[in-house]
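K.L.:
model this:
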Amino acid sequence: MTLHHTAANPTGADRTFQVDLRGLVDLLSHHLYSSPRVYLRELMQNAVDALTARDALEPAAPTDPLGIRLYADGSVVRVEDDGVGLTEADVHTFLATIGRSSKRADRIAEQRGDFIGQFGIGLLSCFLVADEIHVLSRSARTPDAPAVEWRGRGDGSYTVRTLPASARPRPGTTVTLTPRADAGEWTRPAQVHVLARHFGSLLRHPVTFDDGTGGPGGTGGPGASVNPEPAPWARTYPTPGARSRALAAYGEEVFGFKPLDTIELDLPAVGLKGIACVLPEAVSAGRRHGHRVHVKGMLLSEQAEEILPDWAFFVRCVVDAESLRPTASRESLYEDDTLAAVRDALAERLRAWIARAAASDPDLLHRFLQAHHLAVKSLAVHDDEILRMLLPWLPFETTDGHTTLDEFARTHRTVLVTSSVEEFRQVAAIASAAGLGVVNGGYTYDRELVHRLPEIRPEATVADLDPETLTAHLDPVDRETELAAAAYLAQARDALAVFDCDVALRTFQPASAPALLVDSREARHERTRSQLAREQEGGLWGDILGALRQEAPRAQLILNQLNPLVRTAVTIDEPELARTSAEALYGQAAMLSRRPLRPAESSLINRSFLDLLAHALRKDS
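P.N.:
Below is the predicted model of the structure:
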């Protein structure tokens with residue numbers, strides 16, 4: 001096989017670039033195709049294209065459909081079709097030359113929309129499993145056309161012979177491979193049958209398989225059908241319920257899970273039909289599932305992520321399309337305007353399904369949102385229609401437990417939302433006891449969505465939770481109690497000054513909570529930056545940080561006068577013990593906030609515990 005291209009040399013003679021076929025096959029196997037198994041798909045694609053061309057030339061009668069016959073007995077693999085066949089000129093154009101164009105090839109290229117694959121490169125994939133390819137073909141374009149034989153070998157050599165028409169009485173093409181010994185994994189009869197069903201189960205032309213054993217049809221013997229039934233969405237059913245059950249059963253067979261629901265997909269403009277199966281369980285938002293995409297019945301890919309938008313990770317699809325464009329390897333889809341339009345149209349179908357569930361099937365909607373509320377939240381952020389439709393139904397973590405915003409807003413006219421999960425953990429119990437309605441806004445999309453609640457419920461008010469709002473709802477202690485605790489509070493403030501932490505005494509529920517540490521992530525970052533600026537004072541970096549410096553907000557340790565431990569602590573008159581107890585209360589409050597502890601805080605917790613233990617031992621002795 002040669003790549004015809006001339007190059008000038010000093011003597012003026014033309015020379016020809018030679019193609020190293022073995023190198024080309026190695027390139028195909030390692031960089032174009034995912035697995036040697038694609039050889040059978042390429043042969044079946046060529047056969048389907050030949051049948052498509054034959055149908056255009058002379059439509060077959062319904063009683064005598066054109067088909068494809070596969071044969072594998074362990075020594076050979078054979079694919080035979082009743083297609084349009086090849087003339088000797090076609091053989092030279094499509095099988096013996098890589099890269100050459102011709103007027104007829106150009107005309108065929110213009111008609112590629114009717115075909116799945118292409119000649120030449122696809123046939124080369126057979127060298128992934130065989131050292132020799134034998135093609136016997138007879139053209140249907142001329143009634144008395146002779147048969148043409150082509151033999152290609154892995155070393156790049158080939159032969160072409162013209163044979164009498166009797167060598168192949170009927171038009172069509174037969175491709176026979178002699179597998180290499182190391183290709184048995186892909187060419188054993190059982191494996192060929194599995195691959196044929198895998199790639200061709202939805203093909204529109206009849207495909208049969210014969211393993212040479214002479215067994216009855218259906219067991220691998222003569223006439224065993226590879227695609228006995230049309231695609232499930234192309235069949236007729238007695239009732240809509242029967243259709244739904246059949247589609248769900250097909251989805252379970254293909255994907256291995258029982259769908260929560262099955263959504264029919266139908267885009268006539270691109271000849272696309274199929275189903276989307278809603279996953280019954282939640283999946284990670286960053287995890288994208290591959291979808292099964294067939295082109296004109298032939299399986300193209302099982303991992304076509306690009307067919308749906310990122311937010312649609314709650315479904316897996318199997319579709320068959322007419323107008324999607326495969327890439328060169330025909331294992332994925334070419335990103336073009338058609339694919340973009342298909343992706344948008346399928347996204348609209350999913351939105352419509354959510355709308356129907358919200359309007360007419362609350363039980364299905366509830367089960368769907370239980371599993372996939374994160375996917376819907378990601379969609380609602382960018383889709384006002386879905387926002388208006390589903391925001392009241394979406395579950396959020398609140399001080400009233402996991403509930404919908406609709407239920408939460410009925411109880412709390414002012415909805416407060418935290419900026420982080422750790423902030424919510426710090427204040428949840430105390431805010432609930434104080435009657436405040438707080439939503440955890442630390443999860444992806446939640447804070448943004450909660451702030452849009454007034455768009456759905458104009459009577460609701462939403463505000464960010466800040467320390468002042470919380471502390472304003474904590475009851476002050478009486479003046480006499482505060483004066484009695486003043487000395488202890490001063491010792492505590494001095495002990496915790498290293499953490500930029502103020503100390504106050506309040507009463508709040510629950511009484512079992514000795515202290516509340518009010519401190520935001522932003523405040524800690526600002527204090528860290530200010531500390532770094534002080535350490536870098538005078539340098540260029542210090543000047544930059546100094547220019548950015550703001551008055552660093554202080555953390556606040558709020559002691560609960562209702563707690564017995566705190567009531568005992570504020571009476572301590574030993575300075576060192578007072579400092580140690582304040583450090584211990586700070587450490588406990590920091591741990592209860594569930595935020596990551598800084599090294600200094602971890603050290604403080606260990607030191608205060610040991611100091612309290614040592615004090616107790618000294619007292620006992």
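
K.L.:
shaky segments in the chain?
P.N.:
Along the chain, segments meeting pLDDT under 70 span 1-34, 60-63, 96-122, 214-223, 284-288, 328-331, 520-552, 619-621.

K.L.:
now for the helix ranked longest in it, which elements pack on it?
P.N.:
Within the chain, and with DSSP state H defining each element, the longest helix by residue count is helix 337-360. With contacts defined as 3 or more C-beta pairs under 8 Å, 6 or more residues apart in numbering; DSSP states H and E, the secondary structure elements packing on helix 337-360 are strand 262-267, strand 272-278, strand 315-321, helix 362-382, helix 384-390. (Glycine included, C-beta is placed from N, CA and C.)

K.L.:
and these as CSV, adding distance to Pro164 and mean neighbour count?
P.N.:
Written out in CSV, the entries for the helices and strands packed on helix 337-360 read as follows (distance: least, C-beta to C-beta, whole Å; neighbours: other C-beta atoms under 10 Å):
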stretch, distance to Pro164, mean neighbour count
strand 262-267, 49, 19
strand 272-278, 45, 23
strand 315-321, 41, 25
helix 362-382, 64, 19
helix 384-390, 68, 17
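
K.L.:
report the angle between the longest helix of the chain and helix 362-382.
P.N.:
Between the axis of helix 337-360 and that of helix 362-382 there is an angle of 130 degrees, by axes from the mean of the first three to the mean of the last three C-alpha atoms, to 10 degrees.

K.L.:
buried set for helix 337-360?
P.N.:
For helix 337-360, burial by neighbour count (16 or more other C-beta atoms under 10 Å) applies to 338-339, 342-343, 346-347, 349-351, 353-354, 357-358.

K.L.:
between the residues you listed, which sits nearest Ala511?
P.N.:
If you rank these by distance to Ala511 using C-beta to C-beta, Ala358 comes first, at 43.8 Å.

K.L.:
where do the helices of the stretch 51-200 of the chain begin and end?
P.N.:
Per DSSP state H, counting those that start in this stretch, the stretch 51-200 of the chain carries helices over the ranges 88-90, 103-110, 121-124, 184-187, 189-200.

K.L.:
now the element after the longest one, going C-ward?
P.N.:
Beyond helix 189-200 in the direction of the C-terminus, DSSP states H and E gives the next helix or strand as strand 207-210.

K.L.:
other SSEs contacting that following strand?
P.N.:
When contacts are defined as 3+ C-beta pairs under 8 Å, 6+ apart, strand 207-210 packs onto strand 68-72, helix 189-200, strand 224-225.

K.L.:
would you mind giving the ones you listed as a markdown table with distance to Ile386 added?
P.N.:
Formatted as a markdown table, the entries for these read as follows, by distance: least, C-beta to C-beta, whole Å:
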| stretch | distance to Ile386 |
| --- | --- |
| strand 68-72 | 45 |
| helix 189-200 | 37 |
| strand 224-225 | 44 |
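
K.L.:
pick the most deeply packed of those.
P.N.:
strand 68-72 (a mean of 23; mean count of other C-beta atoms under 10 Å).

K.L.:
what about that one, distance to the chain center?
P.N.:
Relative to the centre of its chain, strand 68-72 is centred 37 Å away, using C-alpha atoms, centre = their mean, to the nearest Å.

K.L.:
compute the inter-axis angle for that strand and helix 189-200.
P.N.:
Using the same axes, to 10 degrees, the direction of strand 68-72 lies 150 degrees away from that of helix 189-200.

K.L.:
what is the most widely separated pair among the buried residues of helix 337-360?
P.N.:
The largest separation in the buried residues of helix 337-360, counting by C-beta to C-beta, is between Thr338 and Ala358 at 30.8 Å.

K.L.:
now Pro510: phi and psi?
P.N.:
phi -80, psi 150 (degrees, to the nearest 10).

K.L.:
neighbours around the residue lying closest to it once chain neighbours are set aside, how many?
P.N.:
If you skip the residues right next to it in sequence, Pro510 has Ala433 as its closest partner in space, 5.6 Å away by C-beta to C-beta, 6 or more residues apart in numbering. Residues within reach of Ala433, counting by other C-beta atoms under 10 Å, total 16.

K.L.:
tell me the contacts of Ala433?
P.N.:
Remark: with contacts taken as C-beta atoms under 8 Å, 6 or more residues apart in numbering, Ala433 is in contact with 508-510.

K.L.:
now do Val477
P.N.:
Counting by C-beta under 8 Å, 6+ apart, Val477 has contacts 485, 505-507, 561.

K.L.:
show me where the stretch 401-550 of the chain has helices.
P.N.:
Shown for the stretch 401-550 of the chain, the helices assigned by DSSP H, counting those that start in this stretch span residues 405-411, 421-433, 446-450, 453-456, 467-471, 479-484, 486-495, 521-535, 540-548.

K.L.:
between the helices and strands packed on helix 337-360, which gets nearest to Thr418?
P.N.:
With C-beta to C-beta, the closest approach to Thr418 among the helices and strands packed on helix 337-360 belongs to helix 362-382: 16.4 Å.

K.L.:
against which helices or strands is that closest one packed?
P.N.:
Based on contacts counted as 3+ C-beta pairs under 8 Å, 6+ apart, the elements that helix 362-382 packs against are helix 337-360, helix 384-390, strand 395-398, helix 446-450.

K.L.:
can I get the ones you listed in CSV including distance to Asp49?
P.N.:
As requested, those are arranged in CSV below (distance: least, C-beta to C-beta, whole Å):
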stretch, distance to Asp49
helix 337-360, 20
helix 384-390, 42
strand 395-398, 51
helix 446-450, 50
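
K.L.:
returning to that earlier point: distance to Thr262 added to the buried residues of helix 337-360, as CSV?
P.N.:
Supplementary listing: those in CSV, determined by distance: C-beta to C-beta, whole Å:
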residue, distance to Thr262
Thr338, 25
Leu339, 23
Val342, 19
Arg343, 20
Leu346, 14
Ala347, 17
Arg349, 12
Leu350, 12
Arg351, 17
Trp353, 10
Ile354, 14
Ala357, 13
Ala358, 18
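
K.L.:
ok, these vs Leu267, which is closest?
P.N.:
Using C-beta to C-beta, Val342 comes nearest to Leu267 of these, at 6.5 Å.

K.L.:
excluding chain neighbours, what is closest to that closest one?
P.N.:
Residue nearest to Val342 in three dimensions, not counting chain neighbours: Val270, with 5.8 Å by C-beta to C-beta, 6+ apart.

K.L.:
would you confirm that the one you found contacts Arg343?
P.N.:
No. Using C-beta atoms under 8 Å, Val270 is not in contact with Arg343; the gap is 11.1 Å.

K.L.:
now rank the contacts of Ala433 by neighbours and give me the top one.
P.N.:
Among the contacts of Ala433, the one with the most neighbours (other C-beta under 10 Å) is Phe508, at 23 neighbours.

K.L.:
phi, psi for it please.
P.N.:
Here is the backbone geometry of Phe508 (degrees, to the nearest 10): phi -160, psi 160.

K.L.:
now do Leu592
P.N.:
Per-residue torsions, Leu592: phi -70, psi -20 (degrees, to the nearest 10).

K.L.:
please report the distance of it from Gly297.
P.N.:
Note on Leu592: its distance to Gly297, by C-beta to C-beta, to the nearest Å, is 61 Å.

K.L.:
same drill for those two, tell me which one is more crowded.
P.N.:
For Leu592 against Gly297, the residue with the higher neighbour count under other C-beta under 10 Å is Gly297, and the figures read 22 against 16.
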